[in-house]
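Chemist: Sharing a model that was predicted from the sequence below.
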Amino acid sequence: MALRPPQDRATAVRPAQGGDAGAMADVFLAARATMLYLPDLHSEDETRAFIRSMVDKSEAFVAVRDDRVVGFLCLRDHWLEHLYVHPDCFNKHVGTRLLEHAKMARPAGFQLWVFQDNDGARRFYERHGCRVARLTEGRDNEEKLPDALYVWPATREPSV
């Protein structure tokens, strides 16, 4: 059975371009501001430079609604490295649209990390067929927070 994008015609997903980096950084900063458990490790300028580099180093895609970037995802090899949605678009199928795009781009599967405290993201990924492959105490992530390795499809084994 071929994967098809959800029928959300209000949101388009397209490859990110260099000019999207500012809007992607806005989404990233706004989404992470809702994650009150995260330590504040980087300045806004450092974060914006990081997002600019992601556009160049990974397969980046943006979700656009009403001519506004409202979410993005970055893929590299068999990893879903980032998927962020602007809080204004939480629970409006933008994340689903992006995740379905990732599934179509990586039909053999992918893996991703999620902070264990990010209950909303964990429910989202589990609802969409990802499964927890491993829980860690966070020693290897920059934030030093417990995280969870997810895989899609659920039958895929992690390759960390």
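Modeler: Now that the structure is in, tell me what you want to look at.
Chemist: isn't L41 right next to E142, touching?
Modeler: Yes: if you go by C-beta atoms under 8 Å, L41 and E142 touch, sitting 6.4 Å apart. Just so you know, the C-beta spots here come from the backbone N, C-alpha and C atoms, and that holds for glycine as well.
Chemist: Give me the contact list for the least confident helix or strand in the chain by mean pLDDT.
Modeler: Ranked by mean pLDDT, DSSP states H and E, the weakest helix or strand in the chain is helix 44-57, scoring a mean of 91. Helix 44-57 is contacted by residues 16-18, 20-22, 24-25, 28-29, 42, 60, 74, 76, 81-82 when judged by C-beta atoms under 8 Å, 6 or more residues apart in numbering.
Chemist: Give me the buried positions along it.
Modeler: Using 16 or more other C-beta atoms under 10 Å as the test for burial, helix 44-57 gives 48, 51-52, 54-55.
Chemist: Give me the distance from that helix to the chain's centre.
Modeler: The chain centre lies 15 Å from the centre of helix 44-57; the measure is C-alpha atoms, centre = their mean, to the nearest Å.
Chemist: Tell me the bridge partners for L73.
Modeler: Counting by DSSP bridges, L73 is bridged to F61, L83.
Chemist: Could you double-check that it lies in contact with L98?
Modeler: Yes: using C-beta under 8 Å, L73 makes contact with L98 at a distance of 4.6 Å.
Chemist: List the residues that are in contact with both of those two.
Modeler: The contact lists of L73 and L98 share 61, 83, where a contact means C-beta under 8 Å, 6+ apart.
Chemist: Just the angle for the host helix or strand of L75 relative to helix 44-57, thanks.
Modeler: Per DSSP states H and E, L75 falls inside strand 68-76. Angle, strand 68-76 to helix 44-57, by axes from the mean of the first three to the mean of the last three C-alpha atoms, to 10 degrees: 60 degrees.
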